[in-house]
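Participant: this is a predicted model, with the sequence first.
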Amino acid sequence: MNLKSTALALTLAAFAAPAFAENPMVGGAAMYEDKNIVENAVNSADHTTLVAAVQAAGLAETLSGEGPFTVFAPTNDAFAKLPAGTVETLLKPENKEMLTKILTCHVVAADASAEAIMGMIQADGGKHPVKTVGGCEFTAMSKDGKVMIEDGQGNVATVTIADVKQSNGVIHVIDTVLLPKM
């Protein structure tokens, strides 16, 4: 091959190579597709409360497992919106069962991208039921092109960062803690 045909082959190869979308940064940290949900979450400065809660509930091993999981991950600001003292109370060992219930209501046993969720919402006429690992049933809907989740108490969380790919699923960052129906 001469120099001209080598350059052409390299140019064509560059255009033929698949384009890989880079994972968004979360909480000031890079998120890596080859790491699992827990390995990535511990690096996010915006998810220290969630990580502490996952550890207190004994769910770190589960969420490090094979999956696939879709996790709607509330930020520290989302936890701060709860009534004063709620997080501290939930983190106490005697409240582990309730904490586990709340956290597993943020997890779906599937790898669901925002595009797939939007498709389900549209197919269901604007609202799609979401069944969680914790036994909660929430409602997915959309507004202004963003996925939103209504919990069992009527609170609505907006996905602020979608499609953070993990080795065992996907994280969607949300701005409100999802609560089960009481």
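Facilitator: On my side now, so go ahead.
Participant: which residues in the chain form strands?
Facilitator: 69-74, 107-108, 128-131, 137-143, 146-150, 156-166, 169-174 (DSSP state E).
Participant: closest to residue 46 out of those strands?
Facilitator: Closest approach to residue 46 among those is made by strand 169-174 (7.4 Å; CB to CB). (Glycine included, C-beta is placed from N, CA and C.)
Participant: helices of this protein, start to end?
Facilitator: For the chain, applying DSSP state H gives helices covering 3-16, 37-41, 48-56, 60-63, 76-80, 86-90, 96-104, 114-123.
Participant: re earlier: the strands of the chain: which one's closest to residue 48?
Facilitator: Evaluated with CB to CB, the strands of the chain place strand 69-74 nearest to residue 48, the distance being 11.6 Å.
Participant: can you give me the angle that closest one makes with strand 169-174?
Facilitator: Put simply, strand 69-74 runs at 20 degrees to strand 169-174, going by axes from the mean of the first three to the mean of the last three CA atoms, to 10 degrees.
Participant: paired strands for strand 69-74, with orientation please.
Facilitator: Here strand 69-74 has these sheet partners by DSSP bridges: strand 107-108 (antiparallel), strand 169-174 (parallel).
Participant: closest to residue 50 out of those?
Facilitator: Ranking these by distance to residue 50, with CB to CB as the measure, places strand 169-174 first at 9.9 Å.
Participant: check the offset of the closest one from the chain's centre.
Facilitator: Distance, stretch centre to chain centre, for strand 169-174: 1 Å (CA atoms, centre = their mean, to the nearest Å).
Participant: got the angle between it and helix 48-56?
Facilitator: Angle of strand 169-174 versus helix 48-56, following the same axes, to 10 degrees, is 130 degrees.
Participant: quick check: angle from strand 169-174 to strand 156-166?
Facilitator: Put simply, strand 169-174 runs at 150 degrees to strand 156-166, going by the same axes, to 10 degrees.
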